[in-house]
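Trainee: Please work out how this folds:
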Amino acid sequence: MGTILDTIIDQKRKEVELLRSTFTIKDFEQSVYFNKKTISLKEKLENQFGVIAEFKRKSPSAGIINNELNPVEIGKIYEQNGASAISVLTDSSFFGAKETDIIEIRKTVQIPILRKDFIIDEIQLFQAKAIGADVVLLIAEALSEQEILHFTILAQGLGLEVICEFHEKNQLNKISDLVDIIGVNNRNLKTQTTTIQTSLDVIDFLPKDKLIITESGIKSKEDLELLAEAGYNGALIGESILKSSSIKSFINELNYSKA
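Mentor: Model prediction:
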């Protein structure tokens, strides 16, 4: 029996086939955002420890988080309360995304936007640029070493920055030296279990000259302090923020500086 990651990738292949039959690269190149300069997440994380606040309506692990979330309202709250960037899930089948989510958020914020999805085809990179993303996510467990290198070069050629994430240490050697940021996903994509100990266990194996972020399972400022002191430059946080009684207060509480 396959894992949830296998199921997601199988579905994504069908979606990419439909995307390619519906749009051409030239269609994406005509977007208003395609030739606009992107906003650098690297610069944000080089200057201070940053929270990348995530927008999603549901997930395979959490189920429905909130189907009534307004992307524009949430994006404004994130920016106004100190988030360094916004991660937007663009997968509809498993994360409840709407096609316009990133476009609507992009119109209202001036901080970097990460398109978080399961990238398996280069046309998704052109699409990411066309809808206003600044950064894309590549998942080591879902790609070969050659694909990671190819997609990284293509994305950067489009002006996009690249986060490449992994969960298991044996996937780290697949990640190209060219990627802008390395992410450690504390959620095992095969079992959906989560622990921040994953980030603490692999920190000594990560390149010292690369920006690194920790993703998933962060529930408190104390977690952030622990991870920041371990050497991480930022943290991607979704469910803990979205499930909090006050998103504004929770993000404010998370704000952390190494200084």
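
Trainee: tell me, what residue is most central in the chain?
Mentor: residue 116 (4.1 Å; Cα atoms, centre = their mean).

Trainee: low-confidence ranges in the stretch 51-200 of the chain?
Mentor: For the stretch 51-200 of the chain, no stretch is flagged by pLDDT under 70.

Trainee: in it, which spans are strands?
Mentor: 58-59, 63-64, 85-89, 113-116, 135-139, 161-166, 181-185 (DSSP state E, counting those that start in this stretch).

Trainee: And the ones you listed: which comes nearest residue 147?
Mentor: For residue 147, the closest of those is strand 135-139, at 8.1 Å, according to Cβ to Cβ. No exception for glycine: its C-beta is placed from N, CA and C like everyone else's.

Trainee: Adjacent strands (with direction) for that closest one?
Mentor: Its sheet considered, strand 135-139 pairs with strand 113-116 (parallel), strand 161-166 (parallel) by DSSP bridges.

Trainee: Deepest in the core, which of those strands is it.
Mentor: strand 113-116 (a mean of 27; mean count of other Cβ atoms under 10 Å).

Trainee: can I get the strands of the stretch 51-200 of the chain in JSON lines with distance to residue 237?
Mentor: Putting the strands of the stretch 51-200 of the chain into JSON lines (distance: least, Cβ to Cβ, whole Å) gives the following:
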{"stretch": "strand 58-59", "distance to residue 237": "13"}
{"stretch": "strand 63-64", "distance to residue 237": "18"}
{"stretch": "strand 85-89", "distance to residue 237": "9"}
{"stretch": "strand 113-116", "distance to residue 237": "12"}
{"stretch": "strand 135-139", "distance to residue 237": "15"}
{"stretch": "strand 161-166", "distance to residue 237": "14"}
{"stretch": "strand 181-185", "distance to residue 237": "12"}
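
Trainee: show me the contacts for residue 244.
Mentor: If you count contacts by Cβ atoms under 8 Å, 6 or more residues apart in numbering, residue 244 has them with residue 250.

Trainee: Tell me if it really is in a helix.
Mentor: No - read with DSSP: H, G, I helix; E, B strand; the rest coil, residue 244 is coil and lies in no helix.

Trainee: Now do the same for it: its pLDDT.
Mentor: Reading off the confidence values, residue 244 has pLDDT 88.

Trainee: My guess is residue 29 contacts residue 130. True?
Mentor: Yes - at 7.5 Å, residue 29 counts as touching residue 130 under the criterion of Cβ atoms under 8 Å.

Trainee: in stretch 212-226, what's buried?
Mentor: By 16 or more other Cβ atoms under 10 Å, the buried positions in stretch 212-226 come out as 212, 213, 214, 215, 216, 217, 218, 223, 224, 226.

Trainee: from those, which is closest to residue 50?
Mentor: residue 213 (8.1 Å).
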